[in-house]
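1. coords below, sequence missing:
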């Protein structure tokens, strides 16, 4: 686990371009501090590459969810591996009342891909003993063979599996296991040199900015309520999103993506403050770096910066754990509905169940792709969730063959799998101390265990 640390930051009010109104502090602008810089840049903040990758990820989710079943994965792979041509933004798309400024990925940042920033360690949660990059390409390949990304036989919703895994294996991994870890060392990307030749930002400035970009918050997210951030991510309130009042939503700084969206969504419960905790730590850290005025950070400054990074990491980890908790609860509820459903209702209910399982599985893989080795927690979580959900014929995925096709075997009762979901929720509470606890079913755990014991005793009598 990250060592839990509490920052001493406070909200500092500042005036914005909107005359007469005071707002909580934004992420930037911050002045250029690179020694000897001769260019015309006034703001040293830059994380457009990360925003482009959020857009690539969102576009992959949309494409996977609209697959035609013909098996051609080339378009999805363009958004994963990058393309020489300027790719159109598939998602997020503007709509009436929510006009988005950019139409293509290169308008945000040129030459970006996801594959080069994807976790490539082992992924025991997916069948086949693959690395992270191999897993997501395996998912993409199979998504293209399905209609709308849904495989009723295996119980896989590929749009959900791919997008939720990517939120961990790209965004979370890059932020907490790279930019907020290795690149905070004194000998990595020092603050008294530009990040690269000719850059208008220092090594530490840009490293910190890139981590912030992967989180997915808008620059003005701290001035918004949890509900407001949620509405921006859902494209439901352009007035809130449009921080500079120019009539369009700039994806580079005014949109809420990925992990930041989930932080805000859980904060809506009123039980947590994940979004402001992470935002304040990012802002306080960036202010600290800027205050060095282009000089190398002292050991004391780096220690403070590492404390902010630890706050970000441990809070972000809890957001992912909350997502695992939530969707385990969703799957539990779905099984309950399926058990009592009429035959003509089961197809619709099963589709919803598969969607929720894809979100559960994706997030359970995401939380394993960060800096921390979850050890026994990961082993237990993977065992409880399995490689696939229980399907309508009581079978589930147990592995893959030599050609990468899924093997299905064994039989597992719906009751057993329901119990597994509650055990997953208890695991998230015990290990990560989750607080929002959306779809909490843990109060039913003792009852289900008692009923199971009664059944086992009856069988042995």
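-> Now that the structure is in, tell me what you want to look at. Treat the numbers as computed from the prediction; the structure is a model and nothing was measured.
2. In stretch 184-204, which residues are buried?
-> 184, 189-195, 199-204 (16 or more other Cβ atoms under 10 Å). Heads up, the C-betas are built off the backbone N, CA and C, glycines and all.
3. no, scratch that, I was asking about stretch 64-75
-> So for stretch 64-75, counting by 16+ other Cβ under 10 Å, buried means 64, 65, 67, 73.
4. Grab the nearest non-local neighbour of residue 60.
-> residue 79 (4.9 Å; Cβ to Cβ, 6 or more residues apart in numbering).
5. Report the helix or strand with the lowest average pLDDT across the chain.
-> strand 13-15 (a mean of 30; mean pLDDT, DSSP states H and E).
6. Now do the phi/psi pair for residue 292.
-> phi -70, psi -10 (degrees, to the nearest 10).
7. so what's the residue lying closest to it once chain neighbours are set aside up against?
-> Spatial nearest neighbour of residue 292, excluding adjacent residues (Cβ to Cβ, 6+ apart): residue 191 at 5.5 Å. Shown in contact with residue 191 (Cβ atoms under 8 Å, 6 or more residues apart in numbering): 202, 203, 204, 205, 289, 292, 294, 295, 296, 297.
8. and the helix or strand where the fifth one lies, how far from the chain's centre?
-> By that I understand residue 289. Assigned by DSSP states H and E, residue 289 belongs to helix 274-291. Between the centre of helix 274-291 and the centre of its chain there are 19 Å (Cα atoms, centre = their mean, to the nearest Å).
9. how far is the next helix-or-strand element following that helix from where the chain is centred?
-> Counting by DSSP H and E, the next helix or strand C-terminal to helix 274-291 is helix 299-339. Centroid displacement of helix 299-339 relative to its chain, using Cα atoms, centre = their mean, is 10 Å.
10. Run the angle between whichever helix or strand comes after helix 299-339 and helix 299-339 for me.
-> Reading on from helix 299-339 to the C-terminus, the next helix or strand found by DSSP H and E is helix 343-366. If you take axes from the mean of the first three to the mean of the last three Cα atoms, to 10 degrees, helix 343-366 sits at 160 degrees to helix 299-339.
11. which parts of the helix or strand that comes right after helix 343-366 are buried?
-> Using DSSP H and E, the helix or strand that follows helix 343-366 in sequence is helix 376-385. For helix 376-385, the neighbour count (16+ other Cβ under 10 Å) marks 377, 378, 381, 382, 384, 385 as buried.
12. The fifth one: what's its closest spatial neighbour, skipping adjacent residues?
-> Excluding the flanking residues, the one nearest residue 384 by Cβ to Cβ, 6+ apart is residue 420, at 4.4 Å.
13. how much space is there between the one you found and residue 198?
-> Distance, residue 420 to residue 198, by Cβ to Cβ, to the nearest Å: 55 Å.
14. Make a markdown table from the contacts of residue 191 and add pLDDT and distance to residue 103 to it.
-> Listed next are the contacts of residue 191 as a markdown table, based on pLDDT from 0 to 100; distance: Cβ to Cβ, whole Å:
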| residue | pLDDT | distance to residue 103 |
| --- | --- | --- |
| 202 | 98 | 32 |
| 203 | 98 | 33 |
| 204 | 98 | 34 |
| 205 | 98 | 30 |
| 289 | 98 | 34 |
| 292 | 98 | 38 |
| 294 | 98 | 37 |
| 295 | 98 | 41 |
| 296 | 98 | 42 |
| 297 | 98 | 40 |
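15. so residue 153, which of the three states?
-> Three-state assignment for residue 153 (DSSP: H, G, I helix; E, B strand; the rest coil): coil.
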